[in-house]
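Engineer: got a predicted structure here, sequence first:
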Amino acid sequence: MSALLELSAVTVAYGGIPAVEDVTLSVAAGTIVSVVGPNGAGKSTLLGAVMGALPARGTLRFDGRDLAGMGVEARVQAGLSLVPEQRELFATMSVADNLLLGGFRHRREGRAALAREMEKVFTLFPRLAERRDQEAGTLSGGERQMLAMGRALMARPALLMLDEPSLGLAPLVVRDILRAIRELRSTGVAILLVEQNARAALKISDYGYVIETGRITLQGPSRDLAADRRVAELYLGLARQTGERQEEDGNRQ
Amino acid sequence: MSRRLSRPLWALATVAACLLVPWLPFLPPYWITLGNYVGIAAIVAIGLVVLTGEAGITSFGQASFVGFGAYATAILTTRWDISPWLTLPASLAAAAVAALALGAVTLRLSGHYLAVCTIAWSTSLFYVFGNLEIFGHNDGITAIPPLVLGPWRLVDTQSYFSVVWLGVALAAWLTSNLLASRSGRAIRALHGGAVAAASFGVDTMHARMLAFVHAAVLAGFAGWLYAHFQRAVNPTPFGINASIEYLLMAVVGGAAHIPGALLGALLVGVVNDELQDLLPRLLGAPGNFETIVFGALLIGVLQVSPDGLWPHVRRLLSHLPGGLARPAQAEPSATAEPLPRREMPPADSPVLTVRGLWRRFGGLVAVGDLGFSVRAAEIVGLIGPNGAGKTTTFNLLTGVDRPTSGEVEFLGHPIAGRPAPAVARLGVARTFQHVRLVRTMSVLENVALGAHLRGHAGPLAGMLRLDRTEEARLFAEAWRQLERVGLAGQALRPATALPLGQQRIMEIARALALDPVLLLLDEPAAGLRAGEKATLAALLRRLREEGVSILLVEHDMEFVMGLTDTLVVMDFGVKIAEGTPAAVRHNQAVIEAYLGAPDDEADAPAGAA
Amino acid sequence: MDFSIALILVQDGIVNGAIYALLALSLVLVFTVTRVVFIPQGEFVAYGALTYAGLQAGQVPGSVGLLCVLGAAAFLASLWAERHQLGAGRVARLAAGTLLLPAAIAGLAWLVVPHHPGVVVSALLALLIVTPVAPYLYRVAFRPIAHASVLVLLIVAVGVHLALTGLGLVFFGPEGSRADGFTDAIFDFGTVSVAGQSLWVVGLAAALMAGLSLFFGRTLTGKALRATAVNRVGARLVGIGIERSGEIAFILAGAVGALSGVLIVSLTTIYYDTGFLIGLKGFTAAIVGGLASYPVAALAAIGVGVLESFASFWASAFKEVIVFTAIIPVLLWFSLRHHGVEDEE
């Protein structure tokens, strides 16, 4: 199976300091790939670079096309969609208008086509249907995340990128969001999921990458990563417990 | 460094040039007159260097202040026969009072509102000048007496040239002194560094007003010079178009540089003069066609070289000998008496106590019933996953945000809800998650800004260089703190030239310059490389040994685990654990907060879906 | 002052206020979509007025030349901005939009003028001539620095204003113009008589506002424009071109300005540089609306108009002083509302 998104040796730097360094990663069509790692590891930067919002070095290919020189709007046209960490909703516009604008890419297909697409979003997130005329700015945190995802789906992307979809949400809401992500997978859209919540992300994804201070340090099928103690160590700052760490590494090898 | 002329020599050369240049045999009087107008405009433009270039306040109303200065002397000299030398203070005062009044009403407005507002009041004042009896309506006031110096009536353009350009030199000298002083640093911090400056005790509103009044007084001075050169005033040169031209001069020359103001005034003055002849002849009709060129010039400069032309000229001149660089405290003064220091609380006594702290945003609880304390010479880490409420807590402690309810006590003083400068005054210094440095300052000056509250010299002392002893002490302190953190070697570089890691260390030096009891660090390790983190941790340990108490918000677990004495862990706005790093690390609630609960959801592995 | 004079003043105020309201709305639109404080809005009023007056007087107005000059400038600016990704097709489309279109409009003016066009045709033709100037300016002056700070954009806007005033003098000359209104009719309502032209002004302004409100509320393009204003990052993420939105906002601003000019030129004499003051009154209203709220700005504009007409009755010399000083208490209220220290970029 050929990869939908392929990054090779991608580096993103702010003012000379690389936030993402030499990252090579791929997402196959119809799969969920997660990138996990502690806060500040460079996960959001990576998505920003794929979306074209940040300048990147290295090769980025999507659906066989080189993304170099393409702006954000062009990448949306090409079938990429990003739900950013800040959601970036149109706060003073209604839920329905937010969704409608999500389908801006397909505006020439007419209102009826967009309305049909909107119904699909409402099926996935019934809560949004109840609030279709409410202003986006008045929604709860979970509803905002649903709206942000719904808006991205309206573009009918080939690859949906989600940045910290569970961020700041109560556990019950996180459950709803994660369920929706899994349901999406069955519709054929590929998903690149960036999460700090490693356990949840690895459970719903097929393949995972662990990123630490800008570099990929571990990767593998999600099931294997979920069981890997090194992931937990990374999060809880255990790596510096040098004696213990080296011993364990020794045992493992 | 190349050879540098000493200060008195420079002064002498400047005075000599002002006196002799107009009498050079080959200079036509027409050029001298043009030079007079350029000099008068340059004084206004120098004011804009402080106001727009350094304080970041755009004014489309400087010509109004020129008008206040000009009308003040015109009225006093023609109606009451007061000597022009005596009306000079009146002209300056008229501009200053007008600026204080307008500033009090409008200076709190942010960026573009304030700028649009200057258009409104300057248009308004233009009609006031043109319609009041006292200003002589649209005809203005004529027969203004010339300046008289002993036996000389300064009516010829050559003598007046000397007056004008001595005035320009004086304005440039005072302004450059001001910018290099304690008050000047406060002004220079306004553009992009206001939040940082406020957290070191700078009253930013006061600094804005100072810049506004300084620029207005210079404009008033220019007005006084104009009135006695022209010997007649009317509203036209004080309208909005004149104001725009002054701003154009500053922008074209380079709004952040005094020589840029001179360059801009010269350029605009000469071009204006040429075009006023050329364009009507070309187009075959009279009119102010030069505005087309000026408009295009303004657009073009901002598109191509937003910092103006001076930086380019300076680069060309940089190989010439001479003192083009701003006077800096090039080395630590050996003789400066150290600044007095605060007494540190005894070890283990409570420094910061937080009780029942709440912050609600609408229905959302960002911080709920938070309580913890920091003891003297202790390092406490505040950690938690993204969105846990760490930054909100930090803002509540530093006076950036107000708590909904709860108590924060620092050395017995309640500080919850107090503004940032008040908290700083008590001995709380902070660094920022996103480094906030003043981009136009050197590393040393940035650090000296931290010692703002330990100096007292006002703007007048700064302008007249009466603050030298205190400045030497403040800079000696800044040098000392840079040595303490190991950055002394970078002291004279522009702060923006440092890599991020060193900028963070510089922020710590700046915080230390406040002589703090408590140091609040917002994600100090973010963006640092492993080696830099180790250096930072060593520095913080050393500070702890010296008696400084430290509270840090951090998400780099590895960093805090090895460094802190106590950890406070937050999730969803509440404290979920507190204790030694070793205890916290094995706390089940903490593990779940970071990694997610083991049975959270999605029990079925992917692929089964 | 008796009641009937007050009524006349109110009536005058509302007529002028309706025009200020149009300008205020357009200023809010341009600012929210592009962050440009559109100081040259007033020049479009003057251009619209002088163009319409010229057509009515049977001349090909000077603005035709202005249009061609700015179109050529926009062509060059666009070529430069897109120099790295230019194809023959793109160049052809650029040329069509910036070189052929002005030429076609100029040709149309040439053909129509000798036939003494009526008021409606003249008004439409004036709109057609003046409106494209705005998007051309956007391409030349603002698009290359679209990411600069609001303050820098404002200074550039002032530069554009300065240049346009000079160009106005070149293409229209220093003489003022006045034109006939759409109608001479006067309607008597008991003690009050209302000029038909006043009804035209208020009616057209109201219709245009209603049209704009439909455009923003119903059409996808209008919604995309609002979305750009609300959240630029969000707009880019759904594929709305920020530059395209900016261009549309400028087209609307140009059309609104030109129409305001066509309406106002029957009420007062307009010179090449009169626009600035008229635009500034729209500004006063827009600022009262916080450069964000359409309804508040429109209401404030009516207020400005009424204040102006009463001020000119009581103290005509201080008319402008009173109008522009009225903004200060509003600003004071703004400034007392927020206290915190903020960093301005």
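Structural biologist: That came in fine, so what should we check first?

Engineer: what sits against A:A13?
Structural biologist: Applying CB atoms under 8 Å, 6 or more residues apart in numbering or on different chains to A:A13 gives the contacts A:A19, A:R57. Using the backbone N, CA and C atoms, a C-beta is placed for each residue, glycine as well.

Engineer: switch the cut-off to 10 Å
Structural biologist: Taking CB atoms under 10 Å, 6 or more residues apart in numbering or on different chains, we find A:A13 in contact with A:A19, A:V20, A:E21, A:T45, A:L54, A:P55, A:A56, A:R57, A:G214.

Engineer: B:G167 too?
Structural biologist: Here B:G167 is in contact with B:C18, B:G39, B:I40, B:A42, B:I43, B:L218, B:F221, B:A222, B:W224, B:L225 (criterion: CB under 10 Å, 6+ apart).

Engineer: how close does B:E54 get to chain C?
Structural biologist: 13 Å (CB to the nearest CB, to the nearest Å).

Engineer: so which strand or helix has the closest residue to that residue other than its chain neighbours?
Structural biologist: Spatial nearest neighbour of B:E54, excluding adjacent residues (CB to CB, 6 or more residues apart in numbering or on different chains): B:R188 at 4.8 Å. Per DSSP states H and E, B:R188 falls inside helix B:182-199.

Engineer: so for residue 251, what's the pLDDT?
Structural biologist: No chain was given, so I picked chain A. Note on A:N251: pLDDT of 41.

Engineer: ah, no, chain C please
Structural biologist: Value for C:I251, per-residue pLDDT: 95.

Engineer: next, format the contacts of B:G167 as TSV and append pLDDT and distance to A:T31.
Structural biologist: As requested, these are exported to TSV (pLDDT from 0 to 100; distance: CB to CB, whole Å):
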residue	pLDDT	distance to A:T31
B:C18	80	78
B:G39	93	73
B:I40	94	73
B:A42	94	67
B:I43	95	69
B:L218	96	67
B:F221	96	73
B:A222	95	71
B:W224	95	77
B:L225	94	76
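
Engineer: now, of those, which are buried?
Structural biologist: Buried by 16 or more other CB atoms under 10 Å in any protein chain shown: B:C18, B:G39, B:I40, B:A42, B:I43, B:L218, B:F221, B:A222, B:W224, B:L225, out of the contacts of B:G167.

Engineer: which residue is nearest the middle of the chain?
Structural biologist: The chain I'm using is chain A. Nearest to the geometric centre of chain A sits A:L162, at 2.3 Å (CA atoms, centre = their mean).

Engineer: my question was about chain C, not that one.
Structural biologist: C:G257 (2.6 Å).

Engineer: any part of the one helix or strand that residue maps to near chain A?
Structural biologist: Element membership for C:G257, per DSSP H and E: helix C:242-264. Yes - using CB under 10 Å from any CB of the partner chain, helix C:242-264 comes into contact with chain A via C:I242, C:E243, C:R244.

Engineer: secondary structure and distance to chain C added to the buried ones among the contacts of B:G167, as JSON lines?
Structural biologist: Shown next, in JSON lines, are the buried ones among the contacts of B:G167 (DSSP: H, G, I helix; E, B strand; the rest coil; distance: CB to the nearest CB, whole Å):
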{"residue": "B:C18", "secondary structure": "helix", "distance to chain C": "32"}
{"residue": "B:G39", "secondary structure": "helix", "distance to chain C": "23"}
{"residue": "B:I40", "secondary structure": "helix", "distance to chain C": "21"}
{"residue": "B:A42", "secondary structure": "helix", "distance to chain C": "20"}
{"residue": "B:I43", "secondary structure": "helix", "distance to chain C": "21"}
{"residue": "B:L218", "secondary structure": "helix", "distance to chain C": "20"}
{"residue": "B:F221", "secondary structure": "helix", "distance to chain C": "25"}
{"residue": "B:A222", "secondary structure": "helix", "distance to chain C": "21"}
{"residue": "B:W224", "secondary structure": "helix", "distance to chain C": "24"}
{"residue": "B:L225", "secondary structure": "helix", "distance to chain C": "25"}
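
Engineer: I'd like the average pLDDT over stretch B:81-100.
Structural biologist: 93.

Engineer: so which bits of it are buried?
Structural biologist: Across stretch B:81-100, burial judged by 16+ other CB under 10 Å covers B:P84, B:T87, B:L88, B:A90, B:S91, B:L92, B:A93, B:A94, B:A95, B:A96, B:A98, B:A99.

Engineer: identify, from these, the entry nearest to chain A.
Structural biologist: Nearest to chain A out of the buried residues of stretch B:81-100 is B:A99 (CB to the nearest CB; 37.9 Å).

Engineer: what's the separation between that closest one and B:S6?
Structural biologist: 36 Å (CB to CB, to the nearest Å).

Engineer: which ones are touching the residue nearest to B:A216 when sequence neighbours are not counted?
Structural biologist: Spatially, and ignoring its direct neighbours in sequence, B:A216 is nearest to B:A99 (3.4 Å; CB to CB, 6+ apart). B:A99 makes contact with B:51, B:59, B:61, B:64-65, B:68, B:107, B:209, B:211-217, B:219-220, according to CB under 10 Å, 6+ apart.

Engineer: and B:A534, how far is that from chain C?
Structural biologist: From B:A534 to chain C the distance is 31 Å (CB to the nearest CB).

Engineer: looking at this, that residue is in a helix?
Structural biologist: Yes - judged by DSSP: H, G, I helix; E, B strand; the rest coil, B:A534 forms part of a helix.

Engineer: quick revisit: kindly reformat the contacts of A:A13 as JSON lines containing distance to chain C and neighbour count.
Structural biologist: Converted to JSON lines, the contacts of A:A13 look like this (distance: CB to the nearest CB, whole Å; neighbours: other CB atoms under 10 Å in any protein chain shown):
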{"residue": "A:A19", "distance to chain C": "18", "neighbour count": "22"}
{"residue": "A:V20", "distance to chain C": "20", "neighbour count": "29"}
{"residue": "A:E21", "distance to chain C": "25", "neighbour count": "19"}
{"residue": "A:T45", "distance to chain C": "15", "neighbour count": "23"}
{"residue": "A:L54", "distance to chain C": "12", "neighbour count": "17"}
{"residue": "A:P55", "distance to chain C": "14", "neighbour count": "10"}
{"residue": "A:A56", "distance to chain C": "17", "neighbour count": "22"}
{"residue": "A:R57", "distance to chain C": "18", "neighbour count": "16"}
{"residue": "A:G214", "distance to chain C": "23", "neighbour count": "23"}
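
Engineer: tell me which of the buried residues of stretch B:81-100 is nearest to chain C?
Structural biologist: Nearest member of those to chain C, counting by CB to the nearest CB, is B:A98, at 13.5 Å.

Engineer: quick one: the closest one and B:G69 touch, right?
Structural biologist: Yes - assessed by CB atoms under 10 Å, B:A98 is found in contact with B:G69 at 9.5 Å.
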